[in-house]
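Colleague: Quick check, what structure comes out for this input:
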Amino acid sequence: MTETTLYNRNREYIPRIAAVHDMCGYGKCSLTAAIPILSAAGCDVCPVPTALFSAHTRYKVFTMEDTTDMLGAYLDAWGKEGVDLDGVYSGFLGSPDQVAIIERLYREYPNALRFVDPVMGDAGEMYPTYTAELCEAMGALVDGADLLMPNLTEASILTGTDYPGQDITDAQVRATIGALFDLGAKNVVLKGIDHNDGRIRNFVANREAGPDAMTECVHEKLPFMCHGTGDAFASAMIGGVMAGLDLAASARLAGEFVHNAMAQTRFQPHYEERGVSFELSLGELTNLVD
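Modeller: Numbering: from 1, shown residues only. Below is the predicted model of the structure:
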């Protein structure tokens, strides 16, 4: 069982999280998921925008502005104002140079928890704006990550192995998690295992206990897909962690949150493209800190 607790919550204190993600104008994901979801869980979210998109990259037409050149001065200003952080939550990056920005945050806030959602691709494919160089740079964030949350595509990229599909055995799950521990991750949530039995599985493991002690979290798989579920899961997972839940409980919370949000999404127009509609499920996270 994975009963590791990363954060002891003081109910009178609101923890502050730097969310290092892109901002999409349309198609709920990245910062437009992280900010409301973590805020609902009682966190103060401080955005560090890695890129500005008109819409997410699954749309046929989108614009992207890389923000790398502005981020140095952005963090300089934080330092001058004495901004403090309890966690650094990284996701989609706009360029390989942005890894250095995250590493700077790690140096300047050594006590902040390191949450890494290594957003690079899904279903065996890299996202359109990603390159081999950017994926290699992303790998540097694994070493020392307090919580690493890859899907199977991203785990394959990080470990330099072929994408195995989603229907993998428990032995393959343990081997993948072990390889991520070997790269330096302290705790891992491996997402999206699908045995085609109407359920979706996520596995949680702690490096000290080892892959054999991993916890399986099982949820109903709905018969449709929508974009932004990975960002919603990671944000809800971190919300659980910062509320003082252990890792397994946080993963179960996040899985149920995404399931319930997807159930609401189905009733929205153009739900396949616009992103998961989590708004009506935010109360599940607010209840953590009431």
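Colleague: Under the pLDDT cut-off, which ranges of the stretch 51-200 of the chain? List them.
Modeller: Scanning the stretch 51-200 of the chain for pLDDT under 70 picks out no residues.
Colleague: Would you map the helices across it?
Modeller: In the stretch 51-200 of the chain, helices defined by DSSP state H, counting those that start in this stretch lie at 68-81, 98-108, 132-138, 152-159, 170-182, listed in chain order.
Colleague: most tightly surrounded among the ones you listed?
Modeller: helix 152-159 (a mean of 22; mean count of other C-beta atoms under 10 Å). Placement of C-beta: from N, CA and C, glycine included.
Colleague: that older thread, and of the helices of the stretch 51-200 of the chain, who's closest to Tyr7?
Modeller: Taking C-beta to C-beta as the criterion, Tyr7 comes closest to helix 98-108 out of those, the separation being 16.8 Å.
Colleague: Where does Ala205 sit: helix, strand or coil?
Modeller: Following DSSP: H, G, I helix; E, B strand; the rest coil, we place Ala205 in the strand state.
Colleague: can you offset everything so residue one is 161?
Modeller: With the count now opening at 161, the last piece we talked about shows up as Ala365.
Colleague: ok, how many other residues are close to the spatially closest residue to it that is not a sequence neighbour?
Modeller: In this structure, Ala365 finds its nearest non-sequential neighbour in Met374, 3.9 Å apart by C-beta to C-beta, 6 or more residues apart in numbering. Residue crowding around Met374 was assessed by other C-beta atoms under 10 Å; the count is 23.
Colleague: Give the full set of residues in contact with Met374.
Modeller: Applying C-beta atoms under 8 Å, 6 or more residues apart in numbering to Met374 gives the contacts 162, 333-334, 337, 363-365.
Colleague: Closest to Met298 out of those?
Modeller: The closest of the contacts of Met374, once distances to Met298 are taken by C-beta to C-beta, is Ile337, at 17.9 Å.
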